[in-house]
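K.L.:
sequence unknown, structure follows:
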Ligand code: GDP
Ligand code: MG
């Protein structure tokens with residue numbers, strides 16, 4: 001397939017507007033996958049993607065299609081397909097816009113899918129601009145026209161007024177009933193330009209993505225920009241200077257299908273004996289060793305918006321967690337990882353994520369795909385502090401900000417974002433109130449049609465990673481949509497808030513907050529924490545403090561021995577949070593309580609059913625494992641998440 005017969009395109013849309021379903025239909029139409037293969041959303045391969053119904057990783061599939069364009073007699077069914085199409089599915093959620101822009105770098109065009117009933121939403125706007133700035137040809141697709149509330153004309157008017165897209169160019173489809181789908185591939189072929197590379201120039205290819213496969217080693221997804229790549233070729237990396245031999249090369253059809261060669265304009269995979277995905281730098285240029293080429297533009301490095309500590313739930317699992325993180329970051333290179341240690345939690349890692357959902361997904365994948373059991377600390381955004389000696393540091397871990405560093409903090413800055421919010425006009429009032437509570441500054445307020453308003457706000461990042469979207473959804477009956485892009489650092493008035501258990505600061509719970517909110521946040525934090533740790537066998541004082549000043553205090557109740565084992569102790573979400581060296585509980589808690597617990601478990605059985613008894617004992621063993629350390633406070637993992645929601 002010469003470049004003129006290749007089209008590389010992607011599908012972009014607001015979440016749930018139907019891009020994965022549409023991708024499935026296109027794969028079926030081209031017989032790339034069988035119709036009714038029983039596995040909806042073929043490209044959403046990860047378990048988290050299936051569970052949450054979201055696309056996290058962009059996936060690529062090659063399709064072959066027969067088109068009459070320029071070849072009038074290609075209607076002969078004997079003829080083989082005459083076009084090669086690469087479809088690159090992209091994630092829709094804000095946190096993954098990094099994946100979106102990466103996918104777009106390999107494309108010349110995009111299908112902009114909009115739900116015919118919901119119309120243009122916040123991520124439609126964000127994704128449109130990503131595609132527009134990459135100079136892609138955009139084909140508007142108004143999907144879900146089968147719905148009773150579909151109003152394609154209104155959507156056409158929105159596309160015109162917001163993006164200046166010609167309403168006549170819009171395709172009307174239903175990925176559910178199949179209506180209108182036959183227009184899509186001809187439009188892709190006729191309206192999207194072929195890839196611009198040169199066949200006779202030396203090889204240059206862009207490394208799009210990489211992941212680790214147990215059998216083949218590192219598998220790289222690449223877009224061949226110029227020249228051709230063959231099995232056996234010697235290639236080199238611009239980023240690392242390393243040389244490799246191409247052991248296998250092929251296309252995703254949609255499973256890895258060896259072809260022995262990739263030509264100019266094609267997207268495919270390469271296996272080249274790379275050992276770790278650290279060698280496979282996303283955005284890198286690969287070329288034939290010994291040839292001389294100019295590197296491709298590459299990608300902007302990922303910007304980490306949220307940092308949190310990751311620790312093994314059981315201290316001895318450090319190496320296992322280390323291994324799991326290494327493997328997973330191979331598949332998700334947008335996570336940054338550095339080692340750190342905490343007095344409360346021991347050895348662990350400080351990880352940087354693109355957003356909270358990204359963080360959640362990373363945790364979930366660690367647990368599901370690698371069986372890791374983890375504790376993550378309260379997430380924080382990266383702040384900048386300046387000291388009286390003129391030094392400036394970026395703070396990724398609040399605990400690292402010493403309460404008494406011997407030098408004065410002279411200024412601090414926090415990251416801000418520009419948020420786009422689209423809402424039905426009647427919700428404008430509550431949204432303005434919410435944004436000003438979150439320290440927002442209004443930048444734009446306009447109407448995209450007579451029913452919907454578009455607002456732009458500058459907001460501190462810290463205020464939106466904290467439950468902002470849920471709040472926004474709830475005050476607008478679920479109608480608001482929201483997206484954001486990161487913006488510059490803004491001067492702020494910040495303080496470090498410590499949480500103390502029995503007088504000892506718990507480094508893993510320190511946060512940085514705005515001075516004006518510190519009092520209230522401190523109060524709410526200790527109240528929340530009390531709810532999470534009030535069923536223990538010893539009394540604990542919980543305090544919030546700024547420097548040496550305690551601003552809130554609570555004491556836990558002693559657990560009534562009659563209800564000694566709350567069921568929740570045995571549930572998986574309870575994780576023993578050890579305070580090893582930091583806390584001494586004296587005699588109020590001793591190993592003998594373990595046997596007391598055992599008695600209690602069996603007491604609930606009324607001496608009856610044996611299998612039930614066995615099950616309970618097994619469950620208890622499991623529970624004991626998680627809180628086996630004497631002198632430990634049990635804090636469920638979810639407490640860290642709940643704490644974050646206080647803002
Ligand atoms: P994505 O988040 O953009 O990938 O959206 P999905 O493809 O996951 O679709 C979201 C939901 O919309 C799913 O429940 C689909 O079954 C449904 N859906 C997709 N296309 C259509 C359509 O044309 N009509 C209707 N009625 N539902 C659709
Ligand atoms: Mg999807």
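P.N.:
Cool, the structure landed. Computed from a predicted model, the values in this text were never measured in an experiment. Ligands and ions are numbered 1, 2, ... in the order given.
K.L.:
residue 386 touches residue 410, doesn't it?
P.N.:
Yes - Residue 386 is within contact range of residue 410, at 5.2 Å (criterion: Cβ atoms under 8 Å). Any C-beta I mention is one placed from the backbone N, CA and C, and that applies to glycine too.
K.L.:
hang on, residue 521 in a helix?
P.N.:
Yes - under the criterion used here (DSSP: H, G, I helix; E, B strand; the rest coil), residue 521 sits inside a helix.
K.L.:
that one: neighbouring residues, count only.
P.N.:
If you count neighbours by other Cβ atoms under 10 Å, residue 521 ends up with 19.
K.L.:
pLDDT wise, what is it at?
P.N.:
pLDDT, residue 521: 88.
K.L.:
got it, and residue 55?
P.N.:
Residue 55 is given a pLDDT of 51.
K.L.:
any idea how far residue 113 is from the residue of the stretch 301-450 of the chain found nearest ligand 1?
P.N.:
Residue nearest to ligand 1 within the stretch 301-450 of the chain: residue 357 (13.4 Å; Cβ to the nearest ligand atom). Residue 357 sits at a distance of 21 Å from residue 113 (criterion: Cβ to Cβ, to the nearest Å).
K.L.:
enumerate every residue touching the closest residue to residue 510 other than its chain neighbours.
P.N.:
Distances taken as Cβ to Cβ, 6 or more residues apart in numbering place residue 398 nearest to residue 510, at 4.1 Å, with adjacent residues excluded. Contact analysis of residue 398 by Cβ atoms under 8 Å, 6 or more residues apart in numbering lists 380, 496, 497, 510, 511, 512.
K.L.:
okay, those residues in a markdown table with neighbour count next?
P.N.:
Converted to a markdown table, the contacts of residue 398 look like this (neighbours: other Cβ atoms under 10 Å):
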| residue | neighbour count |
| --- | --- |
| 380 | 22 |
| 496 | 22 |
| 497 | 23 |
| 510 | 21 |
| 511 | 24 |
| 512 | 21 |
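K.L.:
out of these, which is nearest to ligand 1?
P.N.:
Relative to ligand 1, and with distances defined as Cβ to the nearest ligand atom, the nearest of the contacts of residue 398 is residue 380, at 29.4 Å.
K.L.:
specify the beta-bridge partners of the closest one.
P.N.:
On the basis of DSSP bridges, residue 380 is bridged to residue 307.
K.L.:
ok, it - contacts?
P.N.:
With Cβ under 8 Å, 6+ apart, residue 380 has these contacts: 306, 307, 308, 395, 396, 397, 398, 462, 511, 512.
K.L.:
next step: these restricted to strands.
P.N.:
306, 307, 308, 395, 511, 512 (DSSP state E).
K.L.:
which ones among these also lie next to ligand 1?
P.N.:
When Cβ under 6 Å from any ligand atom is applied, no member of the ones in strands among the contacts of residue 380 is adjacent to ligand 1.
K.L.:
with distance to ligand 2 added, can I get those in CSV?
P.N.:
Shown next, in CSV, are those (distance: Cβ to the ion, whole Å):
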residue, distance to ligand 2
306, 23
307, 27
308, 26
395, 35
511, 34
512, 35
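K.L.:
output the residues you listed as JSON lines; include the columns pLDDT and distance to residue 341.
P.N.:
Below are these laid out as JSON lines (pLDDT from 0 to 100; distance: Cβ to Cβ, whole Å):
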{"residue": "306", "pLDDT": "89", "distance to residue 341": "20"}
{"residue": "307", "pLDDT": "92", "distance to residue 341": "15"}
{"residue": "308", "pLDDT": "89", "distance to residue 341": "15"}
{"residue": "395", "pLDDT": "91", "distance to residue 341": "17"}
{"residue": "511", "pLDDT": "88", "distance to residue 341": "19"}
{"residue": "512", "pLDDT": "91", "distance to residue 341": "20"}
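K.L.:
just the closest of those residues to residue 119, please.
P.N.:
Among these, residue 306 lies closest to residue 119 (Cβ to Cβ), at 30.4 Å.
K.L.:
quick check on residue 186: phi, psi?
P.N.:
Note on residue 186: backbone dihedrals following degrees, to the nearest 10 are phi -60, psi -40.
K.L.:
excluding sequence neighbours, find me the nearest residue to it.
P.N.:
Distances taken as Cβ to Cβ, 6+ apart place residue 67 nearest to residue 186, at 6.3 Å, with adjacent residues excluded.
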